[in-house]
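*Asks:* Coordinates for the following, if possible.
(3 chains)
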Amino acid sequence: MAELPTQQEPLTLDTFVRGLWEENPVFVMLLGMCPVLAVTNSTMNAIAMGLATTFVLVCSSLLVSLLRNWIPKQVRIASYIVIIATFVTIVDYGIQAISLELYAALGAFIQLIVANCVILGRAEAYASKERLHTTFINSLGMGAGFTLALLSLGTVREILGSGTILGVPLFPADFQPWVVMILPPGGFFVLGAWLLLFNWLRLRKARKSPDPTGAAIHAS
Amino acid sequence: MAKGIEIRTSPHLKRVMSVERIMRAVVLALLPICAFAVYQFGLSVLLLLLTTTGVAVATEWFFARLSGQGNTISDWSVVITGLLLGLTLPPGFPLWMAAVAAFIGVALGKALFGGLGYNVMNPALVGRAFVQAAFPVAITTWTPAFAPGRFTELIPSTLTLPFMQPQPVEDWIAGLQLDAWTGATPLALQKFQQIELPPADVFTGMIAGSAGETSALLILLCGLWLAWQRMLDWRIPVSVMVGAALVAMPFWLMDGTQYPSPWFVLSSGGLMLGAWFMASDMVASPVTARGAIIYGLFIGVLTVLIRLFGGLVEGVMYAILLANAVGPLISSWTQPRVYGSKVKGSK
Amino acid sequence: MNAEVETQPRGGVTPTWPMLRTLGGIAMMSGLLVVLVYQTTLPIIAENQRLLTEKAVFQVIPGAVTKRDFVVTEGGLQPVETGGAGTVIYAAAGADGGLRGVAFPGAARGYQDVIQFLFGYDPDCQCIVGSKVLKSTETPGLGDKISTDPEFLKNFVALDARLNADGTALANPIVPVKHGTKTQPWQIDAVSGATISSNAMARALNDAAQDLLPKVQRELATLLSGEDPKEAP
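*Replies:* Residues are numbered from 1 along each chain as shown, chains lettered A, B, ... in the order given. Predicted coordinates:
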């Protein structure tokens, strides 16, 4: 189809860093909440889930970017989903081959990566317009941001919920684990706490900047 | 907050109702229950109540300061939260866990919503639900009532170091040489072994259980006093009890050996305390008269269903929390028609 | 871009062919990739699966070093290679090639969901010699004690599972009892505070044992004959 002469993004450091902080898929955009809440009950699960999602995100974004001039607009969502599903299947088999125990721990959430809006969102909003190398860097940044978010939930939940980190005990033997933290409600509590922290930081930054548009905040 | 009361009571009252007045009356009504709990379980419960109340007040103070609300402790509502929370915990509950419960209850259940009058759920129950999920073992560890020497020594699990597992209490209990101590509450005995304790014991509180839930009689008296003083809506506790009894009745008639009698259902566990002091929380319950009845019935029915058919032994807490959540919906359903306005024709 | 959407009549300009071509192309490419990955990982996954089962079997039968899989069918025990349908049990042999025990699965509804177990049975002493939770979603800290509590696991070190005189069922059904009241070798001392999960485990064991052990005991010869050194993996 006819390509409009759109402004394509130049490759800068921001292309990568944006995904980590400013447009963090979890803490800022609140996308892909399903795996964020469900499989972050241990650090290992969080890392595995983050890496699997990053792999699918980067590969599918690359392919979408590569094919962006050949995919007619009418069938683009169908094409993206097929591409994403392919990589999800690959990851699914890959994890089974690496460790069946890990596969059992992550459960259906591997297959559910296909419905993760972070990935479809990237394909639609970025990869379908931008060039190959910026797409690669940008989706890598987004994946890293997602992994980082999962990790920050998973670490807190594992430390409080089991008293360990990556399975290594941190406390004396009679530490009382907070069972609720490795149960589903713990995901909500910890996510809420992180969002509180991030928003507080952002508000504080906004207040410190010279532009006085921020709402009046009494917090000291 | 006070608005809810003014709608229901007569506008010709000479006395001025204020939040502070009501809350002070509730605290006053809770004191005999606290005193009995201390008499029954000893020093540990005294410390438990002081801890929950102290931490609740401190948390309230901290968040009020943070949000610039000024002094919100003087309305006494947070004292009620602290006392109620302490009363729902097992007597030997580690103090550090009680502090966590009080902090979470006030912070998550109240302050985050904007303070008194804005909370969706009863803060004391939010705190208890959190520790129930976080420390399932500690919160189901019961100790015997009327232990000898309860005024001179503490239950060993009370003074557990923060973040550590509570000391086992089995040896301590064995040392007391009590006969007929089973380690289970009357509810658990009924549910898993179909043993129903004598109704008189359950009713007067000569049993194991949470610190302040054991004596149904005392709670009933204190609650009735409050209702007589018009400090709570009598419709709520009454309909909670009616709802619970109505559901329990047919099952008991069908199979009296398997299912508890309605009498037992009403006097055991936290039902009385929940009905009179927690379900009737003015912020979290519906304001209309019809709404209050629906809300109460909902709690009663749900409690018994959870007790009889759920995996849990006690269901009052979750029933009230759920009812709190649907409270606003009930209120809006049962909104009275504004005087003089027409019934919506298009409906 | 919007202009194209709004002027629908011009939509005919995007013919069907490019759409079909794109979708078909992508689907084909995707199929190719998936088949490629499937073929590569299949043997690795099968090997993982085998190792996992083997580990579990060796864990529930002390001293086992090799195993052979059998299917319990209507007509009796058959090696799994014959392709019969039914419950799969594992005959495990020690280093000397002698039959050390039989591992069999069991399942029962716990507090949250169905719990799956693997139990080890020793035909010599006619008793259960080991147990392992294969899949469980029981509450951490409470129900999951059935796989961690050392005192509870002692129940399954030498649990009586003798058959009755005619060999049709267990002589004494395996039953759970309240913590601290175990008096008979066929009783399971429940974990205090995890009664529902303990009961589920006892029920799973009893159901599976009542069904499978008579058949196993009747055909011990089949299991033994299957054991010869060349079967070692």
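
*Asks:* how much space between the closest residue to chain C within chain B and C:Val35?
*Replies:* Proximity of chain B to chain C (CB to the nearest CB) peaks at B:Pro136, 5.1 Å away. C-betas here are computed from N, CA, C, even on glycine. Applying CB to CB, to the nearest Å, the value for B:Pro136 to C:Val35 is 48 Å.

*Asks:* Torsion angles phi and psi at B:Gly311?
*Replies:* Backbone torsions of B:Gly311, given as degrees, to the nearest 10, read phi -80, psi -20.

*Asks:* so what's it up against?
*Replies:* B:Gly311 makes contact with C:Tyr111, C:Ile196, according to CB atoms under 8 Å, 6 or more residues apart in numbering or on different chains.

*Asks:* hey, where'd the helices end up in the chain?
*Replies:* All of this is about chain A. Ranges of helices in chain A, per DSSP state H, are A:13-20, A:33-38, A:43-66, A:76-98, A:100-106, A:117-122, A:132-162, A:184-208.

*Asks:* not quite, I wanted chain C
*Replies:* Taking DSSP H as the criterion, chain C carries its helices at C:2-6, C:16-60, C:150-153, C:195-218, C:220-226.

*Asks:* and chain B, which of the ones you listed is closest to it?
*Replies:* Comparing these against chain B with CB to the nearest CB, the closest turns out to be helix C:195-218 (6.6 Å).

*Asks:* which residue packs closest to B:Ala188, ignoring adjacent ones?
*Replies:* Spatially, and ignoring its direct neighbours in sequence, B:Ala188 is nearest to B:Val313 (4.9 Å; CB to CB, 6 or more residues apart in numbering or on different chains).

*Asks:* Quick check: residues of chain A near chain C?
*Replies:* With CB under 8 Å from any CB of the partner chain as the criterion, chain A meets chain C at residues A:1, A:4, A:67, A:70-75, A:78-79, A:82-83, A:85-86, A:89-90, A:93-94, A:96-97, A:99-101, A:104, A:161-162, A:177, A:179, A:182-183.

*Asks:* These, buried ones only, as a PyMOL selection?
*Replies:* Burial among these is assessed by 16 or more other CB atoms under 10 Å in any protein chain shown; the matching PyMOL selection reads:
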select buried, chain A and resi 67+71+72+75+79+82+83+85+86+89+90+93+94+96+97+161+162+177+179+182+183
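
*Asks:* restrict the residues of chain A next to chain C to contacts with chain B.
*Replies:* Okay, of the residues of chain A next to chain C touching chain B (CB under 8 Å from any CB), that's A:Val179, A:Leu183.

*Asks:* Give me the residue at the spatial middle of the chain.
*Replies:* Chain wasn't specified; assuming chain A. A:Phe146 (2.3 Å; CA atoms, centre = their mean).

*Asks:* wait, chain B
*Replies:* By CA atoms, centre = their mean, chain B has its centre lying nearest to B:Gly274, at 3.9 Å.

*Asks:* Spatially nearest residue to it, not counting backbone neighbours?
*Replies:* B:Val316 (3.9 Å).

*Asks:* how close does the one you found sit to B:Met272?
*Replies:* Noted for B:Val316: a distance of 9 Å to B:Met272, by CB to CB.

*Asks:* Under the pLDDT cut-off, which ranges of the chain? List them.
*Replies:* Using chain A. A:1-6, A:210-220 (pLDDT under 70).

*Asks:* wrong one, I was asking about chain C
*Replies:* Scanning chain C for pLDDT under 70 picks out the ranges C:1-14, C:141, C:225-233.

*Asks:* Neighbours of A:Leu102, how many?
*Replies:* A:Leu102 is flanked by 16 other residues according to other CB atoms under 10 Å in any protein chain shown.

*Asks:* looking at it, it is touching A:Met49, isn't it?
*Replies:* No. The pair A:Leu102 and A:Met49 fails to qualify as a contact (CB atoms under 8 Å) at a distance of 9.8 Å.

*Asks:* Spell out the secondary structure type for the residue of chain B closest to chain C.
*Replies:* Assigned state for B:Pro136: coil (three-state reduction, DSSP: H, G, I helix; E, B strand; the rest coil).

*Asks:* contacting residues for the nearest residue to it once chain neighbours are set aside?
*Replies:* Nearest residue to B:Pro136 in three dimensions, chain neighbours excluded: C:Leu142, at 5.1 Å (CB to CB, 6+ apart). With contact set as CB under 8 Å, 6+ apart, C:Leu142 has these partners: A:Val179, B:Pro136, B:Val137, C:Tyr111, C:Gly193, C:Ala194, C:Ser197.

*Asks:* quick check, B:Gly212 in a helix?
*Replies:* No. B:Gly212 is assigned coil when assessed by three-state DSSP, not a helix.

*Asks:* Double-check it against B:Tyr39; I have them as touching.
*Replies:* No. Counting by CB under 8 Å, B:Gly212 stays clear of B:Tyr39, with 11.3 Å between them.
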